[in-house]
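Engineer: Pasting the sequence and the predicted coordinates here, then a few questions.
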Amino acid sequence: MLSAVAVAATVTGYCVLLSSASAAESDAGAASDMAVTVARTTNVCFTDTLQVTGVVVPRNEILVRPDREGLQISQVLVEPGDTVVSGQVLARLTPPEGQQGAGTTVAIQAPAAGVVTSRSAVVGTLASARAEPLFRIAAKGEMELLAETPVKTLASVASNQTAKIAIVGAGELPGKVRIFSVAINPTTQLGQIRLFIGSDPKLRVGAFGRATIDVGRRCGPAIPLSAVLYGPGGAVVQVVRDNRIETRRVSVGLLAAGQAEIREGLSEGEMVVARAGAFVREGDRVRPMTAGEPSARQ
C-alpha cells in the first residue's frame, strides 16, 4: 500500500516538473524572439504635383501704335512700370516741320488701363504703324507664367488646377492653370502652359519662375518609406502576421513627408516592419513592438 502511494507521488512530481520545464522553455522561446519595431498601415491622402519652369508674361498685352504714318514724336509722357488708365495720353505726335499741318498735335492714348511694360517711342523720331509698337501695356497689370512641359506630362494638366509659383525677385505667389496648348512643338516635343498669377508690383516681365502644379489627389494605404525594400523584382515590405514575417510584393505610388503610398499589396490596418532590412527573413518568428516600447522585458 505504501509502495503504491510512493509511486503515485513520484509520478505526480515528475509530471509537475515536466510542466514547469515546458513553461520555462516556452517563456525562453518567447523571450528569444527578435524584437522588431512595427508600423500600422494607415489611410493617407497624397497630392500629385508637376513642376514646370518659365518666364513672366502679361496675361493680355496691348500694343500701342500710331493711326497715321509720317508723324514725328514730340513728347513722351510715360515710362515702363507706370500705371495708366484708359484714355490717358502716352505721347504726342506732330507733323515734321515744313509739312502740311505742322504745329498740330496728335495724342496717343492708352486703349485700356494697365501697366506700361516697355516703350520704343523716342522724341524726334518718326512713328510708324509698321514699326515696333510705341508702347506695350499689360492690361490691368495682370501677369502669368508661360511655361513648357513634355508631352507625356501635359496630359495630366487641366484648367483651374492650383499652383505655387516662385518668381525671382517676387517670392512665392499662388496661381492656377489658365490655359494649356493642344499643339506640341514638333522639334522639342514640349507643350505650353499659362499659369495665371495676377497683378503684383513686384512682378517683372521676363523674370524666371518655377511652378508646382497640383495635378491630382489620392487617398489610400500608406506606410513609412523606411519600411519599403527594393530588389530586382521591385518593391517589397515585411508584414508581421501572427508574430511571423511575411514578405510581400507591393506597388508604390506617391511619396510625401516620409510616407509611401501603397497602390497594391497592403490593406489599411496591417502591420509592417518599420525599418525593413536583411536582419529578418520570410517565416522568422518576431516580437512586434510599436515605437517607444522597451525592447527588453522587465
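Structural biologist: Received, thanks. Numbers count the residues shown, from 1 in each chain.
Engineer: In terms of residue numbering, what are the domains of the chain?
Structural biologist: 49-57+141-217, 63-139 (automatic domain parsing).
Engineer: Kindly present these as CSV, with separate columns for mean neighbour count and mean pLDDT.
Structural biologist: In this view, the C-beta of every residue, glycine as well, is placed from N, C-alpha and C. Formatted as CSV, the domains of the chain follow (neighbours: other Cβ atoms under 10 Å; pLDDT from 0 to 100):
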stretch, mean neighbour count, mean pLDDT
domain 49-57+141-217, 17, 93
domain 63-139, 15, 92
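Engineer: For residue 35, find the nearest of the ones you listed.
Structural biologist: Nearest to residue 35 among those is domain 49-57+141-217 (37.4 Å), distances taken as Cβ to Cβ.
Engineer: Strands of the stretch 1-150 of the chain, start to end?
Structural biologist: 34-40, 42-58, 61-64, 71-76, 83-84, 89-94, 106-109, 114-119, 126-127, 135-139, 143-150 (DSSP state E, counting those that start in this stretch).
Engineer: JSON lines for those strands, including distance to residue 255?
Structural biologist: JSON lines is the format used below for the strands of the stretch 1-150 of the chain (distance: least, Cβ to Cβ, whole Å):
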{"stretch": "strand 34-40", "distance to residue 255": "16"}
{"stretch": "strand 42-58", "distance to residue 255": "8"}
{"stretch": "strand 61-64", "distance to residue 255": "40"}
{"stretch": "strand 71-76", "distance to residue 255": "55"}
{"stretch": "strand 83-84", "distance to residue 255": "45"}
{"stretch": "strand 89-94", "distance to residue 255": "53"}
{"stretch": "strand 106-109", "distance to residue 255": "55"}
{"stretch": "strand 114-119", "distance to residue 255": "41"}
{"stretch": "strand 126-127", "distance to residue 255": "58"}
{"stretch": "strand 135-139", "distance to residue 255": "39"}
{"stretch": "strand 143-150", "distance to residue 255": "20"}
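Engineer: list the contacts for residue 125?
Structural biologist: By Cβ atoms under 8 Å, 6 or more residues apart in numbering, the contact set of residue 125 is 72, 73.
Engineer: Repeat that for residue 116.
Structural biologist: With the criterion set at Cβ under 8 Å, 6+ apart, residue 116 makes contact with 78, 79, 80, 81, 82, 83, 84, 90, 135, 136, 137.
Engineer: Double-check the fourth one against residue 115; I have them as touching.
Structural biologist: Yes. With contacts counted by Cβ atoms under 8 Å, residue 81 reaches residue 115, the gap being 6.9 Å.
Engineer: Are there residues contacting both of those two? Which ones?
Structural biologist: Counting by Cβ under 8 Å, 6+ apart, no residue touches both residue 81 and residue 115.
Engineer: got the domains of the chain as a markdown table, with distance to residue 248 columns?
Structural biologist: A markdown table is the format used below for the domains of the chain (distance: least, Cβ to Cβ, whole Å):
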| stretch | distance to residue 248 |
| --- | --- |
| domain 49-57+141-217 | 26 |
| domain 63-139 | 57 |
